[in-house]
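Participant: Mind looking at a prediction? Sequence and model below.
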Amino acid sequence: MDIEKYEEDVPPTRWENIVEFIMFRFRWLFVVPFLLPLSFLFNTVFDIRNRLIHLVNSAPNAHVRKVNYIQEQLKEWNENGRKTKLVNARPGWLTMSFRFPLYKENATKIATDKLFDILELDVERMIIKVEPGVTMGQISRYLIPRGYTLPVLPELDDLTIGGLINGCGVESGSFRHGMFQHICEQFEVVMSSGELRTVGPDPEAKEGNSLFYAIPWSQGTICFLTAATIKIIPCKKYVKLTYKKTSTLNEMCQSLTTDSDRFADNVDFVEALQFDKNKGCIMLGEFSDGPDTDDEVINPIGRWYKKWFYTHVEDLINKRQQSVEYIPLRDYYHRHSRSIFWELRDIVPFGNNIIFRYLMGWLCPPKIAFLKATTPNVLRKLYDRSHVLQDMLIPLENLEECVTLFDEEVEIYPLWLCPFYLKYQPGLMRLKNATSKMYVDVGAYGVTTKKGYHHARTTRVLEKYVISVNGFQMTYADIYMPKAEYAEMFDRTLYDWKRTTEGCLDAFPDIYDKICRNNRR
Ligand SMILES: Cc1cc2nc3c(=O)[nH]c(=O)nc-3n(C[C@H](O)[C@H](O)[C@H](O)COP(=O)(O)OP(=O)(O)OC[C@H]3O[C@@H](n4cnc5c(N)ncnc54)[C@H](O)[C@@H]3O)c2cc1C
Ligand SMILES: NC(=O)C1=CN([C@@H]2O[C@H](COP(=O)(O)OP(=O)(O)OC[C@H]3O[C@@H](n4cnc5c(N)ncnc54)[C@H](OP(=O)(O)O)[C@@H]3O)[C@@H](O)[C@H]2O)C=CC1
Ligand SMILES: CC(C)=CCC[C@@H](C)[C@H]1CC[C@@]2(C)C3=C(CC[C@]12C)[C@@]1(C)CC[C@H](O)C(C)(C)[C@@H]1CC3
């Protein structure tokens, strides 16, 4: 990436500043009357459609047809001399990232986007088999009423299985179960030759296991995922959530380290929010059947009239050092969906107002894809200049210096802190010192007013720091590091070997060409 180019960014004219300001402040005039009802309608129709499909059990047969179609597409591409690169057909505006992919423009688009159904639930083997387009919202709505859940269920409703496997996923169950890739048992994939394969970590599986380890984080540059078999665990109706205030950064880091004990009996979820340089809150959750006494509170935080979750947490710690609440499980999982973490405060500034919540809250949140598709270019420029979206995955022992660096460079709060257990495994995320250990995702989302902030230069400072502590940067975010540095952060050994031996080099773009800032608009 040519950083020099960004150093010369022309500052906006006064007129541009005024237009940007108006667009930013008054975006709600379009979002509230148009996007909210449209999102609600879309979600309702899609939910009814899913229930019908499940009722008639047509998904497994349709799956075979849809996979055959993908194989035919690939056969035709092979017969035509493998002239173009292959990508997934899912359009850019639907994906959970700020950018639109430019690499899809002249590529052959393979129809994995038609695969969005749940195929099988097997409670004896404790697995669920799903197509890659199935979303987290769909899975939680299906599994929880049946008494099961995914050990790691990332919170935004529209995240897909395909994206979480070929990209990555973490969530508050990750301190015990690892990342999303670590709860997967098997992948059904189609290679560029059109061959259908099932791969898993099991040495007795029909095919070799190395492909299984090469797929996570590969961004769809080795093969097309057509189904995934994922572990499930039994769940209970509520999460007993303990909110613990921390008053210094050091206290946060010490307590989070102690609390992220993956062998603890009574903790199933760990997450923290840092509200400023000093004040933070650690939330420890435990599956529960509900309150034991009448004094204990049930708080259905997912209801339309409830306060946005992160504001509720801040209010609680301003009042008390420690509190406990019982939260319905599905409300807990999607606790950050209604406010899109803290992004909705910029889009609908009065969205958390009590009158708005009671009157219109049931239409919220707007669908991220619809917001993305309708973001005007003027606003994109403003976001480019001052909006930060980064998730840095670093060893938990480095948390204090990392938060200090984020404070010096971007100063965005709340910061999302989510510990996760990183297993030593082959693949792109292979640990350099061969020892599994506790990592933490430090997520910064929002507009910064920090003096000296520059999207490229500041991100480079953060990236260099993350590499220096053997960390990883989430690839949905803007990545400015050069290819060589990418190879330092991620272990490409298995990835390159698989791409060479599986005939991927002429078929798919290189992973770096999919994630680097130049190839995303
Ligand atoms: C799972 C896997 C399978 C591979 N299979 C082959 C192969 O069949 N032929 C080939 O030429 N190269 C294969 N490679 C690539 C090659 O082993 C690596 O690119 C290179 O040797 C990495 O060396 P290392 O010392 O860094 O890895 P190591 O630290 O030696 O290995 C990393 C991890 O991969 C496992 N592993 C390494 N090699 C294999 C293997 N052959 N089969 C199963 N597990 C293995 C190890 O047990 C360890 O868990 C495989 C790599 C992996 C990770
Ligand atoms: N809590 C969390 O962990 C969160 C994670 N995220 C990030 O968001 C992303 C997921 O968003 P989502 O919109 O679901 O996914 P995307 O459509 O953005 O897909 C992400 C990558 O996976 C590839 N991919 C998707 N499906 C398949 C498939 N069936 N076969 C092969 N490759 C595939 C895509 O390839 P192609 O480029 O060809 O389309 C793309 O490179 C992840 O990268 C994740 O890290 C975001 C928010 C929260
Ligand atoms: C690992 C974790 C928890 C990651 C959370 C990432 C979210 C906060 C990101 C993913 C998609 C994301 C980049 C997005 C946006 C905000 C931050 C999001 C939701 C928004 C809604 C900001 C406003 C923009 O105009 C636009 C609509 C384009 C984007 C869309 C994607």
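Facilitator: Great, that's in hand. Ligands and ions are numbered 1, 2, ... in the order given.

Participant: Residue 257 is in contact with residue 395, isn't it?
Facilitator: No - judged on Cβ atoms under 8 Å, residue 257 makes no contact with residue 395 at a distance of 10.6 Å. For glycine as for every other residue, the C-beta is placed from the backbone atoms N, C-alpha and C.

Participant: shared neighbours, the two?
Facilitator: residue 438 (Cβ atoms under 8 Å, 6 or more residues apart in numbering).

Participant: what residues does the protein put near ligand 1?
Facilitator: Taking Cβ under 6 Å from any ligand atom as the measure of proximity, the chain contacts ligand 1 at 209, 210, 213, 426, 493, 494, 497.

Participant: Arrange the residues you listed in TSV, one row each, with neighbour count as further columns.
Facilitator: Shown next, in TSV, are these (neighbours: other Cβ atoms under 10 Å):
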residue	neighbour count
209	15
210	16
213	19
426	16
493	14
494	18
497	12
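
Participant: if I pick residue 499, what's in contact with it?
Facilitator: Residue 499 touches 221, 222, 505, 508, counting by Cβ under 8 Å, 6+ apart.

Participant: For the chain, give me the ranges with low pLDDT.
Facilitator: Within the chain, the ranges that satisfy pLDDT under 70 run 1-9, 202-208.

Participant: That one against ligand 2: which residues are in contact?
Facilitator: 87-88, 90, 95-97, 101, 112, 132, 154, 156, 159-160, 162-164, 166-171, 219-220, 224-225, 474-476, 514.

Participant: just to revisit the earlier point, for the residues of the chain next to ligand 1, which two are the farthest from each other?
Facilitator: Across the residues of the chain next to ligand 1, no pair lies farther apart than 209 and 493, at 15.4 Å, counting by Cβ to Cβ.

Participant: What are the buried residues along the helix or strand harbouring residue 23?
Facilitator: Element membership for residue 23 (DSSP states H and E) is helix 14-25. Neighbour-count burial for helix 14-25, counted by 16 or more other Cβ atoms under 10 Å, picks out 19, 20, 23, 24.

Participant: Quick check: closest non-adjacent residue to the first one.
Facilitator: Read that as residue 19. residue 378 (5.6 Å; Cβ to Cβ, 6 or more residues apart in numbering).

Participant: which helices and strands does whichever strand or helix holds the one you found pack with?
Facilitator: Using DSSP H and E, residue 378 sits within helix 377-386. In this structure, helix 377-386 makes packing contacts with helix 14-25, helix 455-468, judged by 3 or more Cβ pairs under 8 Å, 6 or more residues apart in numbering; DSSP states H and E.

Participant: try it again with 7 Å
Facilitator: helix 14-25 (3 or more Cβ pairs under 7 Å, 6 or more residues apart in numbering; DSSP states H and E).

Participant: So for the helix it packs on, could I get the coordinates as PDB, restricted to C-alpha?
Facilitator: Extracted as PDB, the C-alpha positions of helix 14-25 are listed here (Å, rounded to 0.1, in the frame of the first residue of the first chain):
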ATOM      1  CA  ARG A  14     -15.600  24.400   3.300                       C
ATOM      2  CA  TRP A  15     -18.600  23.600   1.000                       C
ATOM      3  CA  GLU A  16     -17.800  19.900   1.200                       C
ATOM      4  CA  ASN A  17     -17.600  20.100   4.900                       C
ATOM      5  CA  ILE A  18     -21.000  21.700   5.100                       C
ATOM      6  CA  VAL A  19     -22.600  19.000   2.800                       C
ATOM      7  CA  GLU A  20     -20.900  16.200   4.800                       C
ATOM      8  CA  PHE A  21     -22.100  17.700   8.100                       C
ATOM      9  CA  ILE A  22     -25.700  17.900   6.900                       C
ATOM     10  CA  MET A  23     -25.700  14.400   5.500                       C
ATOM     11  CA  PHE A  24     -24.200  13.000   8.700                       C
ATOM     12  CA  ARG A  25     -26.500  14.800  11.100                       C
END
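
Participant: Relative to ligand 2, how far out is residue 199?
Facilitator: Using Cβ to the nearest ligand atom, to the nearest Å, residue 199 is found at 13 Å from ligand 2.

Participant: So what sits opposite that residue in the bridge?
Facilitator: On the basis of DSSP bridges, residue 199 is bridged to residue 187.
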